[in-house]
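# Build me a model:
(2 chains)
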Amino acid sequence: MRMSRTFIPTLREDPAEAELVSHKLLLRAGYIRKLTAGIYIYLPLMQRVLAKISRIVREEMDKAGAFEITMPVLHPAELWQKTGRYNDLGPELMRLHDRHDRPMVLGGTHEEVVTELVKGELRSYRKLPLNLYQIQVKFRDEIRPRFGLMRGREFIMKDAYSFDFDEAGLDLSYQKMVDAYQAAFARCGLDTVMVESDTGAMGGKSAHEFMVIVDTEGGEATILSCPDCDYAANLERAESLPKEQPKSSSEAPRPRSAVDTPNAKTIEEVTDFLNVKANRLVKTLLYRSGDQLIAALIRGDRQINETKLAHAAGGPTVEMLDGPTVEKLTGAPVGFAGPVGLGREVTVIADEEVAVMVNFIVGANARDKHLVDVNLSDFRIDKTAVIRGAEPAERCPRCRKGRLVSRRGIEVGNTFKLGTKYSQALGATVTDDAGNERPIIMGSYGIGITRTAQAAVERFHDERGIIWPGPIAPADCHLVCANSDDAALARAADQVYESLTQAGLFVLYDDRVERAGVKFADADLIGIPWRVTVGAKGLAKGTWEIKRRDRDAAESAPFDQLVDRLKQEMWP
RNA sequence: CGGGGUGUGGCGCAGCCUGGUUAGCGCACUUGGUUUGGGACCAAGAUGUCGGAGGUUCAAAUCCUCUCACCCCGACCA
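From the prediction side, this is the model:
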């Protein structure tokens, strides 16, 4: 690939539109260009990176016994109406109409289509298990696209769907995908952490995410993991053992009384005013889940986890009530809500920590008043659950020893045990050995191909540019002719290009008439793991220079040994 | 959708507050020359519906109204 001929528009300055390092670098190094918000063109270098990632993923999927197909991007809306997701997903699902005014959608994922396909063709349990996958463009009309390929509206994803007869089969299929994922990411040169995650809008009962750990702004999600065992979960899902039990649990209950707390609305204001610690308070947070009203009780020093609360409430999501609604419900401005005296129309869900507290402080449901020495007998709790968020340094819920540590990561893959949500809705059943119709048990498994590429850049770069892991780099070697205006040197470089190519390397050859400094700067920016420099001094001495992108030192190799040396370094 | 911000040559920006007649700078680009291992130098040159529409005014990149696009924060999410 001669740089003088191909299309690698590098930029000297950071584009104004980019915030993240990886986004800036992909633009600056000439990998991508934006067409419109959240939609990108992949330029020749990017195309090669994506092809390499896709190839690795494809090989691992094939090895795991999955079969590649290609499904349409445009789907009839009817299919999505049947599973209920046409309504559940909201405007993120891109809706449009064809010329006959028939409602259509752009596929953001393909559970509906693949289930519809299998429904017509799989009649017997004998045909199971089956796993079908594709590498395809997906479209999600994100509320707010950002970070380049990280949260684009159009992106490339590998999505696989497993079909099993029973739970045991699903477990097996799931494990195969997990193994394939770990192999695929490892082959891409990326360390990933597999974390437990929430199933969200996908439905289903169990899910994991594969995260690339980064220490930059690009870490979109926080994960908590245990250094002593293999427990890891994203923040939404993570659980923990509490750091300490509230001391109040050993006290004798006292009768409650009201105190004035003028303008003390926040936990901090109340603790300052009453001169107590936050863990003696109980926060009352008011939510709505569907048409159900919820009061969530949580210790003052804790954070609520809305995902857990939603699970406890039995709804898909919860939404905090706005100020006026809170006022109507409690008779007091926001900041003075409490559980005592709340009506039956409100479901009271208490965190398990609250359920052991004694003589605590709550809002009085009256302006500028709190109640002290409140006890569980003073009000009604409809349900007790873990609804607080786990925090770093708390103990691991699995091994009960390790202290959880917090890290940030980029999600590059996910796996869901879907169960029968889609097969039931679409009537995808097989006949069992007794002749009964049973819904197929499904799993779904995604890898963001474009996102993986950007995650690699976010993970591997320095101040000069990208440092690709070898297996997904757009080329094996970057050949720089230090002075392409020098005919003798240019001829020598052409020969090196020939012999490297002959040896089976894919070479990006900088044969442009540019100054050496420009070429080196572009080489660092583009980030190919190996650089070979053909220069005048070397020509005189009979050596060419070899340099790794991730190291400062360069070394020289005699002409006739160059190819072997490189091959040996690259594939030892 | 709420809050904030930006649209001026391919890219990055200044000019706008305080309207004024040829709209400027750096980079990139073209031509010629010198230079040639870490983003060269000299000379000459090309490139603008100042996001769009309407309005105010003798006069609008600049003021007003509407509109579109993009970016950042939030809700959402792979």
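
# Give me the neighbour count for the residue in chain A positioned nearest to RNA strand B.
Closest residue of chain A to RNA strand B, CB to the nearest atom of the strand: A:Gly535 (1.9 Å). The C-beta positions use only the backbone N, C-alpha and C, and glycine is treated the same way. A:Gly535 has 21 neighbours, counted by other CB atoms under 10 Å.

# Distance check, it against A:Gly107.
For A:Gly535, the distance to A:Gly107 equals 52 Å [CB to CB, to the nearest Å].

# Break down the stretch 51-200 of chain A into its helices, ranges please.
For the stretch 51-200 of chain A, the helices defined by DSSP state H, counting those that start in this stretch cover A:77-83, A:85-88, A:111-121, A:167-187.

# Let me see the residues that make contact with the longest one.
Counting contacts by CB atoms under 8 Å, 6 or more residues apart in numbering, the residues outside helix A:167-187 that touch it are A:56-57, A:60-61, A:63-66, A:128-129, A:131, A:160, A:162, A:164, A:191-192, A:194, A:208, A:210, A:212, A:412-413, A:415, A:417, A:419, A:441-443, A:445, A:447, A:452, A:471.

# Does it reach RNA strand B?
No - applying CB under 7 Å from any atom of the strand, one finds helix A:167-187 out of contact with RNA strand B, separated by at least 12.0 Å.

# which one's the longest strand in chain A?
strand A:405-419 (DSSP state E).

# So which residues of the stretch 101-250 of chain A form strands?
A:103-106, A:130-139, A:154-164, A:192-196, A:206-214, A:221-225, A:232-234 (DSSP state E, counting those that start in this stretch).

# Grab the most central residue of chain A for me.
Against the mean C-alpha coordinate of chain A, by CA atoms, centre = their mean, the closest residue is A:Glu411 at 2.4 Å.

# Now do the same for that one: its pLDDT.
Here, the pLDDT recorded for A:Glu411 equals 92.

# what's the distance between the longest strand of chain A and the middle of its chain?
Taking CA atoms, centre = their mean, to the nearest Å, the mean C-alpha location of strand A:405-419 is offset from the chain mean by 6 Å.

# Give me the buried stretch members for that strand, please.
Residues A:407-419 are the ones in strand A:405-419 that count as buried (16 or more other CB atoms under 10 Å).

# now for that strand, which elements pack on it?
helix A:167-187, strand A:192-196, strand A:206-214, strand A:221-225, strand A:441-448, helix A:449-459 (3 or more CB pairs under 8 Å, 6 or more residues apart in numbering; DSSP states H and E).

# could you dump these to a markdown table with distance to A:Thr261?
Formatted as a markdown table, these follow (distance: least, CB to CB, whole Å):
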| stretch | distance to A:Thr261 |
| --- | --- |
| helix A:167-187 | 52 |
| strand A:192-196 | 40 |
| strand A:206-214 | 43 |
| strand A:221-225 | 33 |
| strand A:441-448 | 49 |
| helix A:449-459 | 47 |
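
# thought A:Asp351 was touching A:Gln303?
No - between A:Asp351 and A:Gln303 there is no contact under CB atoms under 8 Å: 10.6 Å.

# Those two - which one has more neighbours?
For A:Asp351 versus A:Gln303, neighbours defined as other CB under 10 Å are more numerous around A:Asp351 (25 against 13).

# For beta bridges, what are the partners of the more buried one?
Beta-bridge partners recorded for A:Asp351 (DSSP bridges): A:Ala385.

# OK, contacts around it?
A:Ala296, A:Leu297, A:Ile298, A:Arg299, A:Arg302, A:Thr384, A:Ala385, A:Val386, A:Ile387, A:Arg388 are the contacts of A:Asp351 under CB under 8 Å, 6+ apart.

# Tell me the secondary structure of the third one, please.
State at A:Ile298, reduced to three classes by DSSP: H, G, I helix; E, B strand; the rest coil: strand.

# The residue lying closest to A:Gln81 once chain neighbours are set aside and A:Glu112, how far apart?
Spatially, and ignoring its direct neighbours in sequence, A:Gln81 is nearest to A:Asn87 (7.7 Å; CB to CB, 6 or more residues apart in numbering). From A:Asn87 over to A:Glu112 the distance is 13 Å, taken as CB to CB.

# So between those two, which is more surrounded?
Taking other CB under 10 Å, A:Asn87 and A:Glu112 do not tie; A:Glu112 has more neighbours (24 against 10).

# Let me see the contact set for that one.
Taking CB under 8 Å, 6+ apart as the test, what A:Glu112 contacts is A:His75, A:Leu79, A:Trp80, A:Lys82, A:Thr83, A:Arg85, A:Tyr422, A:Leu426.

# now swap in A:His208 and tell me
Applying CB under 8 Å, 6+ apart, one finds that A:His208 lies in contact with A:Val178, A:Met194, A:Val195, A:Glu196, A:Ser197, A:Asn414, A:Thr415.

# Then A:Leu508?
A:Leu508 sits next to A:Met1, A:Met3, A:Pro474, A:Ala475, A:Cys477, A:His478, A:Leu479, A:Ile526, A:Ile528 when contact means CB under 8 Å, 6+ apart.

# coming back round to it: may I see the strands of the stretch 101-250 of chain A arranged in a markdown table, with mean pLDDT as well?
Below are these laid out as a markdown table (pLDDT from 0 to 100):
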| stretch | mean pLDDT |
| --- | --- |
| strand A:103-106 | 92 |
| strand A:130-139 | 96 |
| strand A:154-164 | 96 |
| strand A:192-196 | 91 |
| strand A:206-214 | 91 |
| strand A:221-225 | 85 |
| strand A:232-234 | 83 |
